[in-house]
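Asks: this one's structure only:
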């Protein structure tokens, strides 16, 4: 497993802050540091931050030709709320890219199911952007459906270019009604399944597909202080013992993860 060792800490200027709705926004930063790969993440902290710790945010899209990196973020607390208030021209410290990448586990040729829940679609959309010719089937699930199609499209990003796109919402609004895991078509004979989202969704994917011997990888979330593995604050439990979500992941074989009941 390859883990990034070329991370840099750079004070970057915000190029755009796109408000998708009251809960989700997309930040565009000018980035001339090391190339970033889908599945990796950055630690981010505004220059005028009131919170002490940086926030780990997965890559939504890296546009190397424009030295631009995008992050899709859902407001969950004080740190992400502060990020949502950034204005173009302001600066934030970006440390990264950190962690391993989806491409490390992607067969050279094949068919892959990408299963994203809510803001967890972002790291998978990044993979769709990185490998535009690959045979991806994208499954995107949301708790609440979108009122406006342009909001849904903004959140899905490059996932819209997948060979197949399935969208569900637990409230059934403007989408299939139910949990996205229930709409994954096993008859497609996927060579690999990548998933990112809530722990409940990751567990459901694991329980459904790991027993069927389908290679399945999950991107784990955990509170992080350093992002480099020094503090051990993001340790998760696996069948191989404790693993650092940042330095050993964030992507792990689904069968290795021990999810809390």
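Replies: Nice, I can see it. These numbers come from a predicted model, not from an experiment.

Asks: contacting residues for the residue lying closest to residue 166 once chain neighbours are set aside?
Replies: In this structure, residue 166 finds its nearest non-sequential neighbour in residue 139, 4.9 Å apart by C-beta to C-beta, 6 or more residues apart in numbering. Quick note: C-beta positions are derived from backbone N, CA and C, even for glycine. Residue 139 is in contact with 113-116, 166, 168, 180, 183-184, counting by C-beta atoms under 8 Å, 6 or more residues apart in numbering.

Asks: now the residue most central in space within the chain, nearest residue through space, not along the chain?
Replies: The chain has residue 123 as the residue nearest its centroid, 2.9 Å off, counting by C-alpha atoms, centre = their mean. Excluding the flanking residues, the one nearest residue 123 by C-beta to C-beta, 6+ apart is residue 58, at 4.1 Å.

Asks: Repeat that for residue 15.
Replies: residue 28 (4.3 Å).

Asks: in the sheet, who's paired with that neighbour?
Replies: Residue 28 has the following beta-bridge partners by DSSP bridges: residue 16, residue 70.

Asks: residues contacting it?
Replies: Contacts here follow C-beta under 8 Å, 6+ apart; on that basis residue 28 touches 14-18, 68-70.

Asks: count of neighbours near the nearest residue to residue 259 once chain neighbours are set aside?
Replies: With sequence-adjacent residues excluded and distances taken as C-beta to C-beta, 6+ apart, residue 259 is closest to residue 203, at 4.3 Å. Neighbours of residue 203 under the rule other C-beta atoms under 10 Å: 18.

Asks: In this structure residue 203 contacts residue 220, no?
Replies: No - taking C-beta atoms under 8 Å as the definition, residue 203 is not a contact partner of residue 220, at 11.3 Å.

Asks: Measure how buried the residue nearest to residue 102 when sequence neighbours are not counted is and give me the count.
Replies: Excluding the flanking residues, the one nearest residue 102 by C-beta to C-beta, 6+ apart is residue 39, at 4.0 Å. By the criterion of other C-beta under 10 Å, residue 39 has 28 neighbours.

Asks: for residue 174, same thing?
Replies: Per other C-beta under 10 Å, the neighbour tally for residue 174 reads 15.

Asks: In terms of pLDDT, where does it sit?
Replies: For residue 174, the pLDDT comes out at 89.

Asks: What does it show for phi and psi?
Replies: The phi/psi pair for residue 174 (degrees, to the nearest 10) reads phi 60, psi 30.

Asks: That one reaches residue 142, doesn't it?
Replies: No - using C-beta under 8 Å, residue 174 makes no contact with residue 142, being 9.8 Å away.

Asks: For residue 163, which non-adjacent residue is spatially closest?
Replies: Nearest to residue 163 is residue 135, by C-beta to C-beta, 6+ apart, at 5.3 Å.

Asks: hang on, the earlier thing: and the contacts of residue 139, which is closest to residue 90?
Replies: Among the contacts of residue 139, residue 116 lies closest to residue 90 (C-beta to C-beta), at 28.8 Å.
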